[in-house]
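Q: Show me the folded form of this:
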Amino acid sequence: MDERYLEIVKMFDSKFNIGETYSHSELRKFIENEETFVVKNVAAYSYNRWNKGMSVIYPILEWVNRGEYKYLGGNYSYDGVIIHHPQGGIPYKIGIWDNGVYQLYNGHKSFKDWKESLDEGIKTIDLNSKVIFESVDGKIIQKKVLIDKETEEIKFVSEYSVTFFESTLGKILRFKEEGDLFEFGNNKYKISSIS
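A: Residues are numbered from 1 along each chain as shown. Okay, the predicted model is just below:
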């Protein structure tokens, strides 16, 4: 890794504990108050939450939930998907980490290559997604919206019932794509729509 990355890791190590979760606002305040950090976007320091407004990535955090990141430290052997969440839009999978090495989908060779493209990625389920899924036998159709139970009240949203992001079903649905199959209870389901 380059010298800037090592300096960033050192700065984070002096303030945060590896394996602990921190709020977005706490991390942002730290980044904004330190001149060392040229990039002031918290997502630019995450493995799994990227956006096209970032200029570079220095992965040391894992986005865990709305406004929460876990500090993993430098050169972590991260495994998991990379999500692009356009402001006000549907989230997309743009790649995957495997043992600390990332690979982007749709032939992109680098973060810069993806960033400069028009490619959004593969539509996926994340917080605030509206999802329609049905049992493979066609007898059950469900419409769900994933919300964060900490900040939202229980309600119906345009015929969609609420499922909490951290619930068993919420965790099963997370990062699924249209057409994916999953089991819940005694049934097997297929994701038919994400919006």
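Q: does residue 97 sit in a helix or strand, and which one?
A: Using DSSP states H and E, the element containing residue 97 is strand 92-98.
Q: any idea how far that strand is from the chain center?
A: From the chain centre to the centre of strand 92-98 is a distance of 9 Å (Cα atoms, centre = their mean, to the nearest Å).
Q: same thing with stretch 4-23?
A: 20 Å.
Q: Show me which residues of it are buried.
A: Buried positions in stretch 4-23, judged by neighbour count with 16 or more other Cβ atoms under 10 Å: 5, 8-9, 11-12, 16, 22. Placement of C-beta: from N, CA and C, glycine included.
Q: avg pLDDT for the strand holding residue 97?
A: Across strand 92-98, pLDDT averages out at 96.
Q: in terms of contact count, name the helices or strands touching whichever helix or strand comes after it.
A: Heading C-terminal from strand 92-98, the first helix or strand you meet, by DSSP H and E, is strand 101-104. Secondary-structure packing of strand 101-104 (3 or more Cβ pairs under 8 Å, 6 or more residues apart in numbering; DSSP states H and E): strand 92-98, helix 111-115.
Q: Kindly reformat these as a markdown table containing distance to residue 130 and mean neighbour count.
A: Putting the helices and strands packed on strand 101-104 into a markdown table (distance: least, Cβ to Cβ, whole Å; neighbours: other Cβ atoms under 10 Å) gives the following:
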| stretch | distance to residue 130 | mean neighbour count |
| --- | --- | --- |
| strand 92-98 | 15 | 19 |
| helix 111-115 | 26 | 17 |
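Q: so which of those comes closest to residue 142?
A: Among these, strand 92-98 comes nearest to residue 142, with 21.9 Å by Cβ to Cβ.
Q: CA-only coordinates of that closest one in CSV, if you can.
A: Provided in CSV are the C-alpha atoms of strand 92-98 (Å, rounded to 0.1, in the frame of the first residue of the first chain):
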residue,chain,number,x,y,z
TYR,A,92,-26.5,-1.7,-6.8
LYS,A,93,-23.8,-4.3,-6.4
ILE,A,94,-20.7,-3.2,-8.2
GLY,A,95,-18.2,-5.8,-7.1
ILE,A,96,-17.0,-8.2,-4.5
TRP,A,97,-14.0,-8.5,-2.1
ASP,A,98,-12.4,-11.9,-1.7
